[in-house]
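[1] let me see the structure of the following:
(one chain, ligands or ions: 1)
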Amino acid sequence: MFSLDRGWLYGGRAVPGCTDPGFDDSGFERVTIPHANRTFPWHGFDDEEYQFVSVYRRHFTLPELPDKRRVFVDFEGVMTAASVTLNGETLGEHRGGYTPFSFEISGRVRWGEDNVLAVEVDSTEREDIPPFGGNVDYLTFGGIYRGVALRTVPDTFIENVFAKPADVLGEDRRVEVRCFLKGRDAPRAPSRLTAELRDGARTVASVSREVKPGDGDSAWDLILDEIGPVELWDTENPKLYDVVVRLQQGGERPDEYVARVGFREARFTPEGFYLNGNHLKLRGLNRHQTYPYVGGAMPARVQRRDALILKNELKCNVVRTSHYPQSRHFLDCCDEVGLLVFEEIPGWQHIGDGGWKDLACRDVEAMIRRDWNRPSIILWGVRINESQDDHDFYERTNRIAHELDDSRQTSGVRYFFDSEKLEDVFGMNDFDPDFIAPPRHPLYLNTEFAGHTFPTKPIDNAERTQEHALRHARVHEMLGADDRFAGGIGWCAFDYNTHANFGSGDRVCYHGVSDIFRIAKPAAGFYRSQCDPQEEIVLEPGFHWSVGDQSDYGGHGEGAIFSNCDRLVVYVAGERLAELFPDRQRFGNLAHPPFFFSELSGTAPWRRGWGELRIEGYLGDEMAVSRTLSSKGADGRFGVEPDDTELLGDGIDATRVVLRVTDEFGAPRPFATGAVTLEIEGPGEIVGENPFALFGGVGAVWVRTTEAEGTIVLRAKHPVLGTREVRLQVARVPSDTV
Ligand code: GAL
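    Below is the predicted model of the structure:
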């Protein structure tokens, strides 16, 4: 395997002849993959500007490989259609930006000489390709935005492996291993196929058999049984094993395929969702894969960070990959941290013609064949999000899913109750804040709520940001009241870029519990507060501290505080104002109901003595946490916070750097402004706006490495609060490329 992520030449708009091997590409820009065909400000731009056909070229020289080695070029995702040539010869066109594809280039590669792989990338919204043809409430952006590699394999090779844990909770626990071989040039000697179950370096079980692969594709089954006790995979302890499959043909180097698996049983039943036989109420958020500035073109570390945020900061146990298969790096991290996933095919309300439906069916297959070994995935979404019924089409998508993978249930997301249910689990976007129990269908999952019914910006007033949080809380409360609801996946985790005919008029849907930079709004505090205090003690006010940022001037209405403490004590200006208990009356079905205080209501706080707000959180008799919100009305601190301080010098790796103004105690200052000027030295570059104008007192840029080692120094100057400097160490990366 050779990575082809480095060393690309990007030519912008494609022109006639630009894929010819001899085309003069000396003026092209040298880029790495993932790459966005255009970069943008984080909002207020025109998405038409990424909708064009661009050209990418990659020169490579392959050393001559041993006889009969075959070579493939693998693309993980190109938005939205890719026409690929090698040395001027057409390899083919792939339509669809969310699923991987490969071309065999054996017989076309010139050994030991310069080869030119050229890709014309069509990033227009072609109505022959899902999700396009109608309206879409998100942006797709453009470019070769996921990895590219060269893969060399023997004449007959392992193309894929489905390693399926079975009877996980029973005596006959085993892994059923289906090996997909691709061969050519019969006849050949019998070969041996071996599968091993490994826990790190320890072999837990192994099995082997003779196979006689013919020409073309064949599938062979092996069963790893008598494996004894195993550690189960679950959301708390996501234990992973490897299934290593080897194909030995004569004296050749064996071909090897590693599938990472977890032993878990995931079932939706009429009484809710069960993981390993235990009832688990699903609490999660939808995720769009796009980031500010570059759309989907973010590397592994940044993709993984989203899974960490969902799991560790938002304390979700499930995420829906709305509305398409997402980066394998994001999903890898979900497997590793125990975040359950509902993965679905590309689409948004619109169903196209026969050819379009064929592509959607191909997407079902490509998604499942890519991700079927992941323990985190508990549902295949095989319906176009919020589309009308289409009996034949959805019977077909369900059949494909069930035939490929009989271990997982299917779902499909709609917005009307009297829709035909062909999937196992009825996915429903129920945006009605007063929906009623019991669910109107058995095996029911609420897949979206809140969202467009209450868009909320970080700069909105305290009343609105708090109500935003409470709307999420109320829905989870109602879902918690009845076991027949499997749970709820709110809309959505992060604000996202969208078309002009959606959102707030600046190409953003402010529907996230966190902003587009993944920085928490108060609604994130509600999700965070639902974890066990053993994991983290949480105390998050649903408001910022002010006298008059409410409609009801002179009072603070009812302040909500999200916490997993037993009891809170509230002080204003040093005076003990109230002792609060979780509101079990209104929120008795949440693990940790919000706390409310109304002691300030109706009485202008400045009349009784305006001062700082201190909240103490108690577990039993012990004070476990306290938070102070300043009353000064002054911006106190300016923080520059990188997610990581050690990066790889491959020109690909990147990390987010959060810019944040707080009060002197670290509490948010949502109306803080200021254009932050950034300066960078060393082997890194800024992905983002510079200067960056704070929005909601916060914002972020990403720092991407250049292809060198050393120290990156990033200086950020706030016009009033001064300059901060952070250092990022960049390590040398050995070349893995050709
Ligand atoms: C839903 C849709 C989502 C998003 C959301 C906004 O109808 O499925 O993609 O547009 O509304 O609230």
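[2] okay, now the domains of the chain?
    Domain assignment for the chain by automatic domain parsing gives 2-146, 156-252, 269-529, 539-629, 637-732.
[3] give me whichever of these is most buried.
    Ranked by mean neighbour count, the domains of the chain are led by domain 269-529 with a mean of 21 (mean count of other C-beta atoms under 10 Å). To be clear about C-beta, it is placed using only N, CA and C from the backbone, and glycine gets the same treatment.
[4] next secondary structure element downstream of the lowest-mean-pLDDT helix or strand in the chain?
    Every helix and strand of the chain was ranked by mean pLDDT, DSSP states H and E. The lowest is helix 605-608, at a mean of 58. On the C-terminal side of helix 605-608, the nearest following helix or strand under DSSP states H and E is strand 613-619.
[5] need the contact list for the residue in the stretch 501-650 of the chain that the ligand sits nearest to.
    Closest residue of the stretch 501-650 of the chain to the ligand, C-beta to the nearest ligand atom: H511 (5.3 Å). Contact analysis of H511 by C-beta atoms under 8 Å, 6 or more residues apart in numbering lists A450, G451, H452, P455, T456, W491, C492, D495, Y496.
[6] if we go to 6 Å?
    For H511, the contact set (C-beta atoms under 6 Å, 6 or more residues apart in numbering) comprises G451, P455, W491, C492.
[7] and D306, what element?
    Assigned by DSSP H and E, D306 falls in helix 300-308.
[8] just the strands in the stretch 451-600 of the chain please.
    Under the criterion DSSP state E, counting those that start in this stretch, the stretch 451-600 of the chain contains strands at 485-490, 496-497, 508-509, 539-541, 559-563, 567-572, 575-580, 595-597.
[9] quick one, which of those is nearest to F665?
    strand 539-541 (11.8 Å; C-beta to C-beta).
[10] tell me which residues are up against stretch 289-301.
    34-36, 39, 42, 141, 143, 145, 326, 329, 496-497, 516, 652-654, 687-688.
[11] 7 Å instead?
    Residues outside stretch 289-301 that contact it (C-beta atoms under 7 Å, 6 or more residues apart in numbering): 34-36, 39-40, 42, 79, 138-139, 141, 143, 145, 302, 326-327, 329, 496-497, 516-517, 644, 652-655, 687-688.
[12] from these, which land in strands?
    Per DSSP state E, strands hold the following members of the contacts of stretch 289-301: M79, G143, Y496, N497, A654, T655, V687.
[13] now the fourth one: closest residue in space that isn't a chain neighbour?
    Leaving aside its sequence neighbours, N497 sits nearest to L139 (C-beta to C-beta, 6 or more residues apart in numbering; 4.6 Å).
[14] likewise for the last one?
    In space, and not counting its chain neighbours, V687 is closest to W702: 4.1 Å by C-beta to C-beta, 6+ apart.
[15] adding distance to V738 as columns, could you present the domains of the chain in a markdown table?
    Formatted as a markdown table, these follow (distance: least, C-beta to C-beta, whole Å):
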| stretch | distance to V738 |
| --- | --- |
| domain 2-146 | 5 |
| domain 156-252 | 19 |
| domain 269-529 | 20 |
| domain 539-629 | 50 |
| domain 637-732 | 15 |
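[16] for the stretch 351-500 of the chain, what lies in contact range of the ligand?
    The stretch 351-500 of the chain comes close to the ligand at residues N385, E386, N429, E448, G451, H452, W491, as judged by C-beta under 6 Å from any ligand atom.
[17] and the residues you listed, which two are furthest apart?
    N385 and H452 (13.8 Å).
[18] list the contacts of A462.
    F543, H544, S546, D549, Q550.
[19] change it to 6 Å
    With C-beta under 6 Å, 6+ apart, A462 has these contacts: F543, H544, D549.
[20] same question for V726.
    V726 makes contact with V640, P642, L714, according to C-beta under 6 Å, 6+ apart.
[21] take these and lay them out in CSV including secondary structure.
    Output for the contacts of V726, formatted as CSV (DSSP: H, G, I helix; E, B strand; the rest coil):
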residue, secondary structure
V640, strand
P642, strand
L714, strand
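[22] who does N160 bridge with?
    Note on N160: beta-bridge partners F180, judged by DSSP bridges.
[23] any idea of the mean pLDDT for stretch 644-656?
    For stretch 644-656, mean pLDDT is 98.
[24] my bad, stretch 545-556
    71.
[25] swap in stretch 24-41?
    For stretch 24-41, the per-residue pLDDT averages 98.
[26] and the contacts of it?
    5-6, 8-11, 49-50, 54, 57, 123, 141-145, 148, 293-295, 297, 299, 651-652, 689.
[27] start to end distance for that stretch?
    Counting by C-alpha to C-alpha, to the nearest Å, you get 31 Å between the two ends of stretch 24-41.
[28] each with direction, which strands does the helix or strand that the helix holding D306 is followed by pair with?
    Heading C-terminal from helix 300-308, the first helix or strand you meet, by DSSP H and E, is strand 318-321. Sheet pairing for strand 318-321, assigned by DSSP bridges, gives strand 282-286 (parallel), strand 340-344 (parallel).
[29] got the angle for the last one vs strand 485-490?
    This means strand 340-344. 70 degrees (axes from the mean of the first three to the mean of the last three C-alpha atoms, to 10 degrees).
[30] contacts for stretch 160-180?
    Stretch 160-180 has contacts (C-beta under 6 Å, 6+ apart) with 158-159, 193, 195, 197, 219-225, 243, 245, 257, 259, 261, 263, 265, 277, 369, 372-373, 407.
[31] gap between the two ends of that stretch?
    First residue to last in stretch 160-180 (C-alpha to C-alpha) measures 5 Å.
[32] that older thread, quick one: the helix holding D306 to strand 340-344, angle?
    Using the same axes, to 10 degrees: helix 300-308 against strand 340-344 is 110 degrees.
[33] is S631 in contact with L613, as I believe?
    No - S631 is not in contact with L613 according to C-beta atoms under 6 Å; the separation is 7.2 Å.
[34] and the residue nearest to R108 when sequence neighbours are not counted, bridged to which residues?
    Computed as C-beta to C-beta, 6+ apart, the closest residue to R108 that is not its neighbour in sequence is L86, at 5.2 Å. With DSSP bridges as the criterion, L86 is bridged to E89, L117.
[35] and the domains of the chain, which one is worst for confidence?
    domain 539-629 (a mean of 87).
[36] how far away from the center of its chain is that one?
    Put simply, domain 539-629 sits 34 Å off its chain's centre (C-alpha atoms, centre = their mean, to the nearest Å).
[37] now swap in stretch 90-105 and tell me
    Using C-alpha atoms, centre = their mean, the offset of stretch 90-105 from its chain centre is 23 Å.
[38] list, one by one, the residues from the stretch 501-650 of the chain near the ligand.
    So far as C-beta under 6 Å from any ligand atom goes, the stretch 501-650 of the chain lies against the ligand at H511.
[39] tell me which stretches of the stretch 501-650 of the chain form helices.
    For the stretch 501-650 of the chain, the helices defined by DSSP state H, counting those that start in this stretch occupy 522-528, 584-587, 605-608.
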